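In: Pasting the sequence and the predicted coordinates here, then a few questions.
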Amino acid sequence: MNVASLLGTLGGLALLFFLVLYAVVRNLLFICQPNEVLIFIGGRSATSTGKKQVGYRIIKGGRAVRVPFFEIVDRMDLTNMPIEVAVTGAYSKGGIPLNVHGIANVKIAGEQPVLDNAIERFLGVPRERIMEMAKETLEGNLRGVLATLTPEEVNEDKIKFAQSLLSEAEDDLRSLGLELDTLKIQDDSDEVGYLDGIGRKQSAEVQKNAVIAEARSRAEAAIRAAQNREETEISRIQAQLGALEADIGRRRVDAETRVAAVVAEARGRVEARIARAEADLEVQRARVEQTRRRLPADVLEPARARRAADEAEAKGDASRIVEQGRATATALEEIAGTWRSVGAGAREVFLMQKVDGLMRIVMGSVGELRVEKLTVLGGLGGGAGGPGGDLTGKVLAANEQLKAAAGVDLLKAVQGRIEGRSPSPKAGA
């Protein structure tokens, strides 16, 4: 035998070993799902109470190895079994037959010792048979519970009804190895119309309560609306009041600020005036001092000099006046002596000397006089003794007087009338 054939033989033996091992493990190793239990039958194991030995062991979740030739393995499903529960004509408290329909969720208990009861009763039993037994048990319990409740209690408080049914059925189901997860009463009725009457009564009561509630709601809504309007108006008034208070505060602050500014400005002006007055006072004091110091030089000394000059000038004028007076007196004395020596004609000579100067003054004042017209009345040939001279003079004198008094030139008017009567050169031709 060569090496190649030896290796092939060893490989075949190894493959056969692994196949046998796989088959053995597959047949002996069992894995339990979370929603089931594995019952290894044939072994001996103590129960949870420790007082009794049973011929099986339970695996819930995980894995276990079956002892070959001594144990067999069975499975039990722990999932929920929905069961419809319905009773017809079950008498309630008061003798009213009721029809009740509900739905229950039942499962096999997963904990010992209740699980032991399920194994003893339902191991190898079909699931439909388990559901039928649970249904019959629940319906019997349902009839027992209905006998203790009035139709009103059954109809009005289904939660209480279901809780009473759970309490009633729990012990019976546990003795079977079952657990009741939930029980819901879907509807209940009766064949005599009792519940309908209760329903109509309750409906009327509900309608009455609804009408009352609606009226109360409308009243409360009206009250709330009025309160809201009141609150809104109060809020608006408060807001306006707050705005007015803020405006008043602002105006007060502005007024205080303006008052402070005006006071400060007036105070500044007063202080400035006081400062200027104090400065002017100092200046005036300096001027007074300057004037006081300058007065002797500018006033007193010039006054003294003017007084001395005036005294000298007065003395000169007095001397001149005295000399003039003396000269005038001497001249008057000489005139008087001459007047006395001339005799009676001295007065006419003196007056003629004075008339000459007076005539010069008078003629000088009328040198600008303008004569527009000169009328001479009378003359050398037309006096009172000449022929016709007196009448002409009187007419001219009267015309001039009338013209001066009334502004009427009589001679000119007569001349105009005479010229108007005479024919014109054209008329004569």
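Out: Nice, I can see it. Numbers count the residues shown, from 1 in each chain.
In: CA atoms for contacts and neighbours, from now on please.
Out: Noted.
In: show me where pLDDT drops low in the chain?
Out: Scanning the chain for pLDDT under 70 picks out 1, 43-54, 155-156, 190-203, 294-300, 339, 342-393, 405-408, 410, 417-429.
In: at 90 what do you get?
Out: Across the chain, the ranges flagged by pLDDT under 90 are 1-80, 83, 85-125, 127, 130, 134-222, 224-429.
In: now the strands: where do they sit in it?
Out: 29-32, 36-46, 53-59, 62-65, 72-77, 81-91, 97-108, 178-189 (DSSP state E).
In: Would you point to the one among those strands that's packed deepest?
Out: strand 97-108 (a mean of 20; mean count of other C-alpha atoms under 10 Å).
In: who touches that one?
Out: By C-alpha atoms under 8 Å, 6 or more residues apart in numbering, the residues outside strand 97-108 that reach it are 77-92, 115, 118, 134, 151, 177-192.
In: Describe which strands that strand pairs with in its sheet and in which direction.
Out: Strand pairing for strand 97-108, using DSSP bridges, gives strand 81-91 (antiparallel), strand 178-189 (antiparallel).
In: and of those, who's closest to K412?
Out: strand 178-189 (158.9 Å; C-alpha to C-alpha).
In: Include distance to K412 when you put the strands paired with strand 97-108 into CSV, please.
Out: Listed next are those as CSV, based on distance: least, C-alpha to C-alpha, whole Å:
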stretch, distance to K412
strand 81-91, 167
strand 178-189, 159
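In: Of these, which is nearest G140?
Out: strand 81-91 (8.8 Å).
In: now what about the closest one, what contacts it?
Out: Residues outside strand 81-91 that contact it (C-alpha under 8 Å, 6+ apart): 97-107, 131, 134-135, 138-139, 142-143, 146-147, 190.
In: same thing but 6 Å
Out: Residues outside strand 81-91 that contact it (C-alpha atoms under 6 Å, 6 or more residues apart in numbering) are 97-107, 143, 147.
In: Just give me the closest of those residues to D172.
Out: Using C-alpha to C-alpha, those come closest to D172 at V106, 12.5 Å.
In: Chain neighbours aside, what residue packs nearest to the closest one?
Out: L180 (4.7 Å; C-alpha to C-alpha, 6 or more residues apart in numbering).
In: now the residue nearest to A64 when sequence neighbours are not counted: how far from G316?
Out: Setting aside the residues directly before and after it, A64 is nearest to F30 in space (C-alpha to C-alpha, 6+ apart), at 5.4 Å. Taking C-alpha to C-alpha, to the nearest Å as the measure, F30 falls 175 Å from G316.
In: In terms of secondary structure, what does the longest helix that the chain contains contact?
Out: Longest helix in the chain, counting residues (DSSP state H): helix 194-295. With contacts defined as 3 or more C-alpha pairs under 6 Å, 6 or more residues apart in numbering; DSSP states H and E, helix 194-295 has no helix or strand neighbours.
In: mind redoing it with 8 Å?
Out: Judged by 3 or more C-alpha pairs under 8 Å, 6 or more residues apart in numbering; DSSP states H and E, the packing partners of helix 194-295 are helix 151-156.
In: List the contacts of the residue nearest to V106.
Out: A104, N105, V106, K107, L166, E170, L173.
In: Okay, and the beta partners of the second one?
Out: In this structure, N105 has the following beta-bridge partners (DSSP bridges): P82, T182.
In: Please save the CA atoms from stretch 78-89 in CSV.
Out: Taking C-alpha atoms only, stretch 78-89 is exported to CSV below (Å, rounded to 0.1, in the frame of the first residue of the first chain):
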residue,chain,number,x,y,z
LEU,A,78,-46.3,29.0,24.4
THR,A,79,-47.7,31.4,22.0
ASN,A,80,-51.1,33.2,22.5
MET,A,81,-54.3,31.4,21.5
PRO,A,82,-57.1,33.9,20.6
ILE,A,83,-60.4,32.5,21.7
GLU,A,84,-63.9,33.9,21.0
VAL,A,85,-66.1,33.7,24.1
ALA,A,86,-69.8,34.0,23.6
VAL,A,87,-72.8,33.2,25.8
THR,A,88,-76.5,33.4,24.9
GLY,A,89,-79.4,33.7,27.3
